[in-house]
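K.L.:
based on what follows, work out the 3D shape:
(one chain, ligands or ions: 1)
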Amino acid sequence: MAVALLVAAGRGERLGAGGPKALVMLAGRPMLEWSLDALRAVEAIRCIVVALPDGVVAPAGTIGVAGGEERSHSVRAALAAAGDGPDDEPILVHDAARPLLTPELVRRSLDALAQTGADAVVAAAPVVDTIKRVRTDAPGLHVEATLQRHALWAAQTPQVFRRAALSRALAQPDDVLAAATDDAGIVEQTGGRVHLVESPRENLKVTTPLDLRLAALLLEERC
Ligand code: C5P
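P.N.:
Now for the predicted structure:
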């Protein structure tokens, strides 16, 4: 059996909706409900913990916990609220900001963790744009390098971890956690082996008003 941690405590400032992003209405429901539907449909998930903005009540059938200052702090709080379990228990982390999650992707990610023996498995899509790296030590957008696109993948969630690997990663100092943009990156830094599972670009992250419009269209198409 597995535990799912849904992080939904972000302020959503880039979306500019005037409230927490996970609670913004999307195709008729608060955004986090779409991810919850997908997680609830997977038999292998024994418990769902949701990291929420202060004062928000936990959705039905979930354990609610107050989120932290940065995303990784919310993941740490959610893992603590899940209680103890075996070291190799799969812990799935998902961003409520990715409402197009499907039960099929959840199952495939859990299966990949079991089959590869990796410490973590990350849903990811091949990069379609050519990526330029610019200098960050000088003003102006000076290109330093053009990266080899065939080797580049855009990391998404779900990300599934062996409990011991995620706990080790989240025990890093607060500043390491604050600098991390995903949990699998911290697992890599702490010597863990991370694999990818291919995921559709449709599993997009809602960051801007444009993403919200796209997500609404895609979800309405599914209904
Ligand atoms: O801000 P961003 O879109 O990168 O956040 C990704 C996910 O992490 C969102 O689902 C957001 O609600 C969650 N988050 C959180 N606690 C924070 C910051 C973000 O749960 N402090």
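
K.L.:
confirm residue 145 sits in a strand?
P.N.:
Yes: counting by DSSP: H, G, I helix; E, B strand; the rest coil, residue 145 is part of a strand.

K.L.:
the nearest residue to it once chain neighbours are set aside sits in which helix or strand?
P.N.:
Sequence neighbours aside, residue 133 is the residue nearest to residue 145 in space, at 4.7 Å (criterion: C-beta to C-beta, 6 or more residues apart in numbering). (Glycine included, C-beta is placed from N, CA and C.) Per DSSP states H and E: residue 133 is located in strand 132-134.

K.L.:
neighbours of the residue nearest to residue 142 when sequence neighbours are not counted, just the number please.
P.N.:
Spatial nearest neighbour of residue 142, chain neighbours left out: residue 135 (4.6 Å); criterion: C-beta to C-beta, 6+ apart. For residue 135, the neighbour count with other C-beta atoms under 10 Å is 12.

K.L.:
what's the burial count for the residue of the chain found nearest the ligand?
P.N.:
At 2.8 Å from the ligand, residue 10 is the closest residue in the chain, using C-beta to the nearest ligand atom. Look at residue 10: counted by other C-beta under 10 Å, it has 21 neighbours.

K.L.:
and the residue nearest to residue 145, how far from residue 154?
P.N.:
15 Å (C-beta to C-beta, to the nearest Å).

K.L.:
out of these two, which sits in the busier spot?
P.N.:
Neighbours were counted for residue 133 and for residue 154 using other C-beta under 10 Å; residue 154 has more, 16 against 10.

K.L.:
give me the element residue 72 is part of.
P.N.:
helix 71-82.

K.L.:
in that helix, which residues are buried?
P.N.:
71, 72, 73, 74, 75, 76, 77, 78, 79, 81, 82 (16 or more other C-beta atoms under 10 Å).

K.L.:
how about the helices in this structure?
P.N.:
In the chain, the segments counted as helices under DSSP state H are 31-40, 71-82, 103-116, 163-170, 174-179, 183-189, 209-222.

K.L.:
make TSV out of these and add mean pLDDT and distance to residue 62.
P.N.:
Below are those laid out as TSV (pLDDT from 0 to 100; distance: least, C-beta to C-beta, whole Å):
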stretch	mean pLDDT	distance to residue 62
helix 31-40	98	7
helix 71-82	97	10
helix 103-116	98	15
helix 163-170	97	19
helix 174-179	90	23
helix 183-189	95	20
helix 209-222	96	20
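
K.L.:
circling back to that earlier point, now do the contacts for the residue nearest to residue 142.
P.N.:
With contact taken as C-beta atoms under 8 Å, 6 or more residues apart in numbering, residue 135 is in contact with 142, 143, 144.

K.L.:
can you tell me the closest non-neighbouring residue to the second one?
P.N.:
If I follow you right, that is residue 143. residue 132 (4.9 Å).

K.L.:
what is the burial count for that neighbour?
P.N.:
There are 12 residues near residue 132, going by other C-beta under 10 Å.

K.L.:
any idea how far it lies from residue 35?
P.N.:
From residue 132 across to residue 35, the span is 32 Å (C-beta to C-beta).

K.L.:
residue 96 now?
P.N.:
For residue 96, the distance to residue 35 - C-beta to C-beta - is 5 Å.

K.L.:
shared neighbours of those two, which are they?
P.N.:
residue 6.

K.L.:
near the ligand, which residues of the protein?
P.N.:
Within the chain, the positions near the ligand by C-beta under 6 Å from any ligand atom are 7-10, 21-22, 51, 67-71, 74, 95-97, 205, 207.
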